[in-house]
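1. Provided below for reference: sequence and predicted model.
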Amino acid sequence: MFEYELQRIHTAELIRRADNQRLVRAVREARRQARRAAKDKDTGEERDKGPGGRFARAA
């Protein structure tokens, strides 16, 4: 019975860690998007969201 209790505690800890990592990832992504939006708003340009990648298409 003791091993079962330890396993349940360990499983709960792993679930808490995974939830925390997902939260951190979501916060980082939200910050990144906010920075991008603020940068785009300041420059008055929109980012190229096409499949070509990060850079705008040459003229």
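-> Cool, got the structure. Numbering: from 1, shown residues only.

2. Pass me the low-pLDDT residue ranges in the chain, would you?
-> Where the chain drops to pLDDT under 70, the residues are 44-54.

3. Can you show me the helices along it?
-> Under the criterion DSSP state H, helices of the chain are mapped to 2-43.

4. give me the number of residues near residue 37?
-> Residue 37: 11 surrounding residues under other C-beta atoms under 10 Å. Every residue, glycine included, has its C-beta placed from N, CA and C.

5. List the residues that contact it.
-> Going by C-beta atoms under 8 Å, 6 or more residues apart in numbering, residue 37 touches no other residue.

6. What of residue 2?
-> Here residue 2 is in contact with no residue (C-beta under 8 Å, 6+ apart).

7. hey, C-alpha coordinates of stretch 7-27 in CSV?
-> Below are the C-alpha coordinates for stretch 7-27, written out as CSV (Å, rounded to 0.1, in the frame of the first residue of the first chain):
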residue,chain,number,x,y,z
GLN,A,7,3.2,6.4,-6.9
ARG,A,8,0.1,8.6,-6.5
ILE,A,9,2.1,11.4,-5.0
HIS,A,10,4.8,11.1,-7.7
THR,A,11,2.1,11.2,-10.4
ALA,A,12,0.4,14.2,-8.9
GLU,A,13,3.8,16.0,-8.8
LEU,A,14,4.5,15.2,-12.4
ILE,A,15,1.1,16.6,-13.4
ARG,A,16,1.7,19.8,-11.4
ARG,A,17,5.1,20.2,-13.1
ALA,A,18,3.6,19.7,-16.6
ASP,A,19,0.8,22.2,-15.9
ASN,A,20,3.4,24.7,-14.7
GLN,A,21,5.5,24.3,-17.8
ARG,A,22,2.5,24.7,-20.0
LEU,A,23,1.6,27.9,-18.2
VAL,A,24,5.1,29.3,-18.5
ARG,A,25,5.1,28.5,-22.2
ALA,A,26,1.7,30.2,-22.7
VAL,A,27,2.9,33.3,-20.8
